[in-house]
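J.: below are the sequence and a predicted model for it; my questions follow.
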Amino acid sequence: MANSKKLAPSNLVEYLRQRLVSLNTSGRRFTLALSGGVDSVVLLHLLLQLRSRLEFALSAIHINHQISPHAAQWADFCTALCAKHGVPIQVSKVHVARRSKLGLEATARSARYQAFAKLDTDLLLLAHHLDDQAETLMLNLLRGTGVSGAAGMPVVREVGCALARPLIEVPRATLMAYATQHRLDWIEDESNEDTAYTRNFLRHDVLPLIENRFPAYRQTLARAAQHFSDADALLDDLAAIDLAQAEHAGKLNLTILAQLTPARGKNLFRAYLARQGVPVLDTERLQEWLRQLLTARADSRVALGVAGLILRRYRGLAWVELDMPSPAPDWQMTWSGERELKLPLLGGKLSFTPASGSGMSLTKISQANVTLRLRQGGEKLKPDFQRPRKTLKHLLQDAAIPPWQRERLPLIYCADELVAVPGIGIDCSFQADPGEPALKIFWARV
């Protein structure tokens, strides 16, 4: 493959051909993210020359962020350019909140990638280049990023489909020279000159100064990003090993977590949260969550929330659940023989499976209305003929059902008599006799 540092514009087609072949994508439908700027216009021009040689179907997507007053003109430019070359294009409008804790750039990026995730394509191609990689690494370092952020932008990643940046090792100057050589037309985003944006400040004011002292800074930073990427991959491998030991059925064993070194424990905890869909936490919050999990009293209720999720601890385990409001204590509903009841207010699904001679007696529950209710306190149940009737509180404790789940557990009543508690058992007086039609009861939390 050609050395990207010395890559001549005339060799870009062959360079891209080799990169696309090396990606070894399983499908042949390629989609270009076309902004209309010089980088994506050059990538389009290169792809058009390779379309027949590599036998792929090419389409494009243009994201209209609706921020610039010229946004509609840019969409029209991209549409016309694709029409000229027979490339189908999708123009996707996204809403970008101007006031966001993330900042306008990050919010726009998030909206853009949400649109990308909906694409029906085998490979999404972005025109990021070597200068973009250097800027991204500098930005992330200045934000105090971890190893993952310092790895910069990966060549390939998943965003709902495979995403690739085949020009990530090519300097911006080479792309500009190619565009000039082929007399390409492109659009200029006026915001790219506004140094109020941090990336533009680096691009126009800081990096030129660095280049004066370190002419090869782009390649040097890209090499550093690769080293960070390798380190990040090793941390992922280590986290996978630790998760195999410490995580089971979505629950994290805190005893195992506490036995690890602080750095390794933090790596495991970060990986566990990511697996559970928790957004990336800043360092201070991650440290605080870890401290509370490991140092709080055994009987304390640890409940740490973010983005509609809540991390809880109980009996040496931690797990993540949806953060739901508590149901009204007087909630109840009538059961009319349904085989399945979805109960979103309680966060679960109650199923009744036909059985014979084992389970809840159909004959006995047919004598009065059957209702579902919540705990009020003081309930008693005798699910075992050989043992005395016990309070539901003690039965729930014996079954290791966490306190916050007990308040959402649907109790089954016939008239005013407690018949069954999912996960605990059926009262002896309502259990089916041998050969008698019955129902098995299952409660699944979702």
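T.: Ah, there it is.

J.: find the residue at the geometric middle of the chain.
T.: Geometric centre of the chain, nearest residue: Gly277, 5.3 Å, by CA atoms, centre = their mean.

J.: contact partners for that one?
T.: Leu309, Val320 (CB atoms under 8 Å, 6 or more residues apart in numbering). All C-beta spots, glycine's among them, are computed from the backbone N, C-alpha and C.

J.: look up the pLDDT of it for me, please.
T.: At Gly277 the predicted local confidence, pLDDT, stands at 92.

J.: also Ala420?
T.: 93.

J.: remind me which helix or strand it belongs to.
T.: Per DSSP states H and E: Ala420 is located in strand 417-421.

J.: what is that strand packed up against?
T.: For strand 417-421, the packing partners by 3 or more CB pairs under 8 Å, 6 or more residues apart in numbering; DSSP states H and E come out as strand 380-381, helix 392-398, strand 411-414.

J.: 7 Å instead?
T.: Packing partners of strand 417-421 (3 or more CB pairs under 7 Å, 6 or more residues apart in numbering; DSSP states H and E): strand 411-414.

J.: start and end of stretch 165-172, how far apart?
T.: Taking CA to CA, to the nearest Å, the first and last residues of stretch 165-172 lie 14 Å apart.

J.: same thing with stretch 146-153?
T.: When the termini of stretch 146-153 are compared using CA to CA, they are 14 Å apart.

J.: from Ile310, how far off is the residue nearest to the centre of the chain?
T.: 12 Å (CB to CB, to the nearest Å).

J.: ok, Trp289 next?
T.: 11 Å.

J.: repeat for Ser351
T.: 25 Å.

J.: now swap in Leu32 and tell me
T.: 41 Å.

J.: these two: who's more crowded?
T.: Using other CB atoms under 10 Å, the more surrounded residue of Leu32 and Ile310 is Leu32, with 27 against 18.

J.: for Ala60, what are its contacts?
T.: Contact analysis of Ala60 by CB atoms under 7 Å, 6 or more residues apart in numbering lists Thr31, Leu32, Leu34, Cys78, Cys82, Val87, Ile89.

J.: mind checking the SS state of it?
T.: Secondary structure assignment for Ala60 (DSSP: H, G, I helix; E, B strand; the rest coil): strand.

J.: next, count neighbours for the closest residue in space to Ser10 that isn't next to it in sequence.
T.: Counting by CB to CB, 6 or more residues apart in numbering, Ser10 lies nearest to Gln181, which is 7.7 Å off, once chain neighbours are set aside. Residue neighbour count, defined by other CB under 10 Å, stands at 12 for Gln181.

J.: can you list the buried residues in stretch 256-273?
T.: Ile256, Leu257, Leu260, Gly265, Lys266, Asn267, Leu268, Phe269, Arg270, Ala271, Tyr272, Leu273 (16 or more other CB atoms under 10 Å).

J.: what does that stretch contact?
T.: Residues lying outside stretch 256-273 but in contact with it, judged by CB under 7 Å, 6+ apart, are 235, 238-239, 242-243, 245-247, 252, 281, 286, 290, 294.

J.: which among the residues you listed count as buried?
T.: Those of the contacts of stretch 256-273 that meet the buried threshold are Leu235, Ala239, Asp242, Leu243, Ala246, Glu247, Leu252, Leu281, Leu286, Leu290, Leu294, by 16+ other CB under 10 Å.

J.: which ones are touching the second one?
T.: Under the criterion of CB under 7 Å, 6+ apart, the neighbours of Ala239 are Asn267, Leu268, Ala271.

J.: export those residues to a markdown table and tack on pLDDT?
T.: Formatted as a markdown table, those follow (pLDDT from 0 to 100):
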| residue | pLDDT |
| --- | --- |
| Asn267 | 95 |
| Leu268 | 97 |
| Ala271 | 95 |
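
J.: quick check: Gly347 touching Arg445?
T.: Yes. Look at Gly347 against Arg445 with CB atoms under 7 Å: they come within range, at 5.8 Å.

J.: so where is the stretch 101-250 of the chain shaky, pLDDT-wise?
T.: 101-102 (pLDDT under 70).

J.: wait, Cys78 sits on Asn64?
T.: No. Using CB under 7 Å, Cys78 is not in contact with Asn64; the gap is 9.3 Å.
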